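1. Next input, structure requested:
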Amino acid sequence: MVCQCCLRMIGQELEKAGFVVEDIMLGKATLSYDESKLSMKEIRNVLLELGTDLIESRENRLVEEIKLAVVELIHQMNNVDSMVRKAEYLVEKTGLSYTYLSRIFSTHEHITLEKYIILNKIERIKELIDQEEFTLSEIAFIMDYSSVQYLSNQFKHNTGMTVSEYKESDRSSKKPIDKLY
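-> Reported below is the predicted structural model:
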């Protein structure tokens, strides 16, 4: 669950299946249900149909917490005074060292945490370009790049096209946050 639409849809589908959704937020839901009629298996089935699943192990919960923190930092904070340093933010959010977070993330996701952050930044850059509110220099600053050149190089490396080519394209190369890799 990474956005308000996901929360709404998951809540509606769980209620349709007979669960009472007491509280739902990114990465967490509190449900009540009659255990003689419904079970965790039905919860899992509803979630699997929606392309998500229950998170049961401590490490898997931590990976989801990391993903939510990255999404919050990159897609929701909209800090026009330049982004909080990603490592500091994740450490503050989880209370664990960046090295540990990076190792756990890579073990469970088969992509490095750094690469995951970069892919999220690229998608956010696409959104900012599409909004046509900021110059590329302003976007570089907002997204915490040291220069437009560095942003442009990373954009080309990860998308296969330059920023100019993206602007001229049909812009259909955008990816949902849960399908970045």
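
2. Next, count neighbours for residue 144.
-> 16 (other CB atoms under 10 Å). All C-beta spots, glycine's among them, are computed from the backbone N, C-alpha and C.

3. just checking, it touches residue 88?
-> No - using CB atoms under 8 Å, residue 144 makes no contact with residue 88, being 11.4 Å away.

4. Tell me which residues are up against the longest helix seen in the chain.
-> The longest helix of the chain (DSSP state H) is helix 113-131. With contact meaning CB atoms under 8 Å, 6 or more residues apart in numbering, helix 113-131 is reached by 66-67, 70-71, 74-75, 86, 90, 101-102, 105-106, 109, 134, 136, 139, 142-143, 151, 154-155, 158-159, 163, 166-167, 171, 173-175, 177, 180-181.

5. and that helix, how far from the chain's centre?
-> 10 Å (CA atoms, centre = their mean, to the nearest Å).

6. how about that helix as PDB, C-alpha atoms only?
-> This file holds the C-alpha atoms of helix 113-131, laid out as PDB (Å, rounded to 0.1, in the frame of the first residue of the first chain):
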ATOM      1  CA  LEU A 113      18.300   0.200  -1.700                       C
ATOM      2  CA  GLU A 114      20.300   2.900  -3.500                       C
ATOM      3  CA  LYS A 115      18.900   1.700  -6.900                       C
ATOM      4  CA  TYR A 116      15.400   1.600  -5.500                       C
ATOM      5  CA  ILE A 117      15.800   5.200  -4.300                       C
ATOM      6  CA  ILE A 118      17.100   6.300  -7.700                       C
ATOM      7  CA  LEU A 119      14.200   4.600  -9.600                       C
ATOM      8  CA  ASN A 120      11.800   6.400  -7.300                       C
ATOM      9  CA  LYS A 121      13.600   9.700  -8.000                       C
ATOM     10  CA  ILE A 122      13.400   9.100 -11.700                       C
ATOM     11  CA  GLU A 123       9.700   8.600 -11.600                       C
ATOM     12  CA  ARG A 124       9.200  11.700  -9.400                       C
ATOM     13  CA  ILE A 125      11.300  13.700 -11.900                       C
ATOM     14  CA  LYS A 126       9.000  12.500 -14.700                       C
ATOM     15  CA  GLU A 127       6.000  13.800 -12.700                       C
ATOM     16  CA  LEU A 128       7.700  17.100 -12.100                       C
ATOM     17  CA  ILE A 129       8.600  17.500 -15.800                       C
ATOM     18  CA  ASP A 130       5.000  16.600 -16.700                       C
ATOM     19  CA  GLN A 131       3.600  19.200 -14.400                       C
END
